[in-house]
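Trainee: Here's a sequence, model it:
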Amino acid sequence: MSTPFSELDPSAAIEIRGRAVRIDEARRLIEAHPQVAAARLEVRRSPSGVSAADRLVAHVVPDGPLADRRTPEAEVKRVRDWKAIYEWVYGEMPEAGGLGDDFVGWHSSYDGKPIEREQMREWRDATVRRVLSLRPRRVLEIGVGTGLLMANIAPHVESYTATDFSPTAIDRLRNKLAEVEWGDRVELLVGRADELSGLPTSHYDVVVCNSVVQYFPNAGYLADMVTAALGMARPGGAVFIGDVRNLRTLPAFRTAVLAPELPADPVQARAAVELSTYTERELAVDPDLFAAVLDSFPGGGTLDLRIKRAVHHNELSRHRYDAVLHRAPLTGEPAVGADTVELAWGDHVADLSALETALAAEPGRPVRVTGVPNVRLRHETEAARLLEALAGRERIAAELARKPAALDAPDPEAPDPEEFHALADRLGRIAVLTWAASGAPDLLDVLLLPGGPDGPVGPVAAYRPAGPLTGDLSRYANDPSRSVAATAFVTALRSDLAATMPPESLPDAFIAQLDSGE
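Mentor: Coordinates of the predicted model:
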């Protein structure tokens, strides 16, 4: 349990591990530091009652924003840090499967355990199907990793060029390619995502960058990479940016991840999640960024952006999406035209039976259903709303406990995303699910197109931006440098205060936060 500052007598001396600490004096000394705007102290008592494990914790608000300067040097350092991590993963951790089935390093953020192999294979297979549906002959993959996609796509194409910033990853793949009959059609290169100048332009049918952009330093770096990739795709080709973390759902995600260890005090709990969201160390991207990048690309194109296909509900299917940017000129008729029928979920239709009736009344016409609840996310987003309203952690935990783990545990209040695909298959249509144009994190727009079982070859422009596009790309992503800056701030602060505060008053831990919470 913890005792927040509001419950402590600021003028009293409290005992922590045999030392007397005056709360008001400790706070005064911390707030005297030129980089501290405010401070709050709490005593965290040991749950076991062992006083030797008690701690004094200082929550400090920096006097200025938590962010590094955005310079080319800082961007290179950020990428280099991730490279060092993956050099260790690929070099020190044992392989977790054969070529195309090695899921080493894939752990759940919810519990830290490896994501179940069945779920990872579902994720991989859905991604492979999406790329192959683009019917490529020449493929470039940026960030090949352990070859999860390469091993399942390269056998079906004429040539496959794969790059990765990890020399260890490339060496491992090179050894494995010598053992497969299609290995001679693969070219392996070491290089970062921003080191593509030596590759041919207007050449590839599809450029793939899957589950990589979360390691990019900022939105501008991502936009530059996507623009360069569009330039390497042939006219009429595509850039597949897969497994992108959604900025809109980040608060709900951080709420769910932190729920088991939230402070009992609702104000402190909300502050903890706000700080965790603000200092998220991986890049999360609003879908509108891809619309903005394509809008500024010479000649333009079409954005086909969809949520992940999956029966299982996990952080990959809840919080990530795929964006396919098709470079103009495009072939074929647009799948979404002026004759599209638009229905609002909850007003015009409220269940699959009513939707089936509505589809029967519009044979041969595309139908868009707006504002469909995303059952994969509804309980996490509701937990985030409860947190914002200062609900207790028990109520938040109860809401999260209602989350279905898969399609076999359906939500009675709304269909699972896969149920829309099943309905479309049965009716000879194609279902495309994307994030809602309203921008609400737990709503989807569902497009149901006339077509065969293999789906349209051309792009489906189902996604509609949530607002006017802007050239200020920073609004479309978080700033991962804040995580580094927060760590540096706390480390420097502790060092400075250790030289000025009495040892018995120095807090055992410092936590940066956005406001004092008082």
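
Trainee: Give me the pLDDT value at the closest residue to P167 other than its chain neighbours.
Mentor: In space, and not counting its chain neighbours, P167 is closest to V190: 5.1 Å by Cβ to Cβ, 6 or more residues apart in numbering. Using the backbone N, CA and C atoms, a C-beta is placed for each residue, glycine as well. V190 is assigned a predicted lDDT (pLDDT) of 92.

Trainee: now swap in S159 and tell me
Mentor: So S159 comes in at 98 (pLDDT).

Trainee: do the same with the one 10 residues further on
Mentor: What the model reports for A169 is a pLDDT of 90.

Trainee: Show me what the helix or strand where it lies is packed up against.
Mentor: Per DSSP states H and E: A169 is located in helix 167-177. The contact analysis (3 or more Cβ pairs under 8 Å, 6 or more residues apart in numbering; DSSP states H and E) places helix 167-177 against helix 72-92, strand 186-190.

Trainee: Going by neighbour count, which residues of it are buried?
Mentor: Neighbour-count burial for helix 167-177, counted by 16 or more other Cβ atoms under 10 Å, picks out T168, A169, I170, R172, L173, K176, L177.

Trainee: unless I'm mixing things up, the second one is touching V144, no?
Mentor: The one in question is A169. Yes: with contact defined as Cβ atoms under 8 Å, A169 reaches V144; the gap is 7.0 Å.

Trainee: one step back: per-stretch mean pLDDT over the helices and strands packed on helix 167-177, give me the minimum one.
Mentor: helix 72-92 (a mean of 67).

Trainee: and the next element down the chain from that helix?
Mentor: By DSSP H and E, the next helix or strand past helix 72-92 is helix 117-132.

Trainee: chain center to that next one, what's the gap?
Mentor: 17 Å (Cα atoms, centre = their mean, to the nearest Å).

Trainee: Just name whatever secondary elements it is in contact with.
Mentor: Using 3+ Cβ pairs under 8 Å, 6+ apart, helix 117-132 is in contact with helix 150-153, strand 204-210, strand 233-245, helix 315-319, strand 320-327.

Trainee: wait, which of these is closest to W123?
Mentor: In terms of Cβ to Cβ, the element of these nearest to W123 is helix 315-319, at 5.3 Å.

Trainee: which outside residues touch the closest one?
Mentor: The contact list for helix 315-319, computed with Cβ atoms under 8 Å, 6 or more residues apart in numbering, reads 108-110, 115, 119, 123, 243, 245-246, 249-250, 253, 307-308, 310, 376-377, 380.

Trainee: now the helices and strands packed on helix 117-132 in JSON lines, with mean neighbour count, mean pLDDT and distance to E42?
Mentor: Shown next, in JSON lines, are the helices and strands packed on helix 117-132 (neighbours: other Cβ atoms under 10 Å; pLDDT from 0 to 100; distance: least, Cβ to Cβ, whole Å):
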{"stretch": "helix 150-153", "mean neighbour count": "22", "mean pLDDT": "98", "distance to E42": "50"}
{"stretch": "strand 204-210", "mean neighbour count": "25", "mean pLDDT": "98", "distance to E42": "43"}
{"stretch": "strand 233-245", "mean neighbour count": "22", "mean pLDDT": "97", "distance to E42": "32"}
{"stretch": "helix 315-319", "mean neighbour count": "22", "mean pLDDT": "98", "distance to E42": "30"}
{"stretch": "strand 320-327", "mean neighbour count": "24", "mean pLDDT": "98", "distance to E42": "35"}
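
Trainee: could I get those as TSV with distance to F103?
Mentor: As requested, these are exported to TSV (distance: least, Cβ to Cβ, whole Å):
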stretch	distance to F103
helix 150-153	12
strand 204-210	13
strand 233-245	13
helix 315-319	12
strand 320-327	16
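
Trainee: Any idea which of the ones you listed gets closest to V79?
Mentor: Per Cβ to Cβ, nearest to V79 of the helices and strands packed on helix 117-132: strand 204-210, 13.8 Å.

Trainee: Distance from that closest one to the middle of the chain?
Mentor: With Cα atoms, centre = their mean, you get 20 Å for strand 204-210.

Trainee: what angle sits between that strand and strand 233-245?
Mentor: 10 degrees (axes from the mean of the first three to the mean of the last three Cα atoms, to 10 degrees).

Trainee: Sheet-wise, list the partners of strand 204-210 with their directions.
Mentor: Strand 204-210 has the following sheet partners, assigned by DSSP bridges: strand 138-142 (parallel), strand 233-245 (parallel).

Trainee: In the stretch 301-450 of the chain, where is pLDDT below threshold?
Mentor: 331-334, 337, 408-412 (pLDDT under 70).

Trainee: how about the strands of it, start to end?
Mentor: With DSSP state E, counting those that start in this stretch, the ranges of strands along the stretch 301-450 of the chain come out as 301-307, 320-327, 341-344, 367-373, 429-435, 443-450.

Trainee: mind putting the ones you listed in JSON lines, distance to S276 included?
Mentor: Shown next, in JSON lines, are those (distance: least, Cβ to Cβ, whole Å):
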{"stretch": "strand 301-307", "distance to S276": "24"}
{"stretch": "strand 320-327", "distance to S276": "18"}
{"stretch": "strand 341-344", "distance to S276": "35"}
{"stretch": "strand 367-373", "distance to S276": "25"}
{"stretch": "strand 429-435", "distance to S276": "23"}
{"stretch": "strand 443-450", "distance to S276": "24"}
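
Trainee: Which among those is found nearest to T279?
Mentor: That would be strand 320-327 among these, by Cβ to Cβ, at 20.2 Å.

Trainee: Dump the closest one to CSV, restricted to CA.
Mentor: In CSV, the C-alpha atoms belonging to strand 320-327 read as follows (Å, rounded to 0.1, in the frame of the first residue of the first chain):
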residue,chain,number,x,y,z
ARG,A,320,-2.3,-2.6,-35.1
TYR,A,321,-3.3,-2.1,-38.7
ASP,A,322,-2.0,-2.4,-42.3
ALA,A,323,-1.7,0.4,-44.7
VAL,A,324,-1.3,-0.2,-48.5
LEU,A,325,-0.4,2.8,-50.5
HIS,A,326,-1.0,2.3,-54.2
ARG,A,327,1.0,4.5,-56.6
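
Trainee: any residues touching it, and which ones?
Mentor: Residues contacting strand 320-327 (Cβ under 8 Å, 6+ apart): 127, 130, 134, 226, 230, 233-246, 287, 290, 293-294, 297, 299, 301-308, 434-435, 458-459.

Trainee: Ok, stretch 382-396 next?
Mentor: Residues outside stretch 382-396 that contact it (Cβ under 8 Å, 6+ apart): 251-252, 255-256, 259, 262-264, 266-267, 269-270, 273, 399-400, 442.

Trainee: from the residues you listed, which would you call buried?
Mentor: 251-252, 255-256, 259, 262-263, 266, 269-270, 273, 399-400, 442.

Trainee: how about those, which pair is most distant?
Mentor: Maximum distance among the buried ones among the contacts of stretch 382-396 (Cβ to Cβ): 25.2 Å, for P263 and D442.
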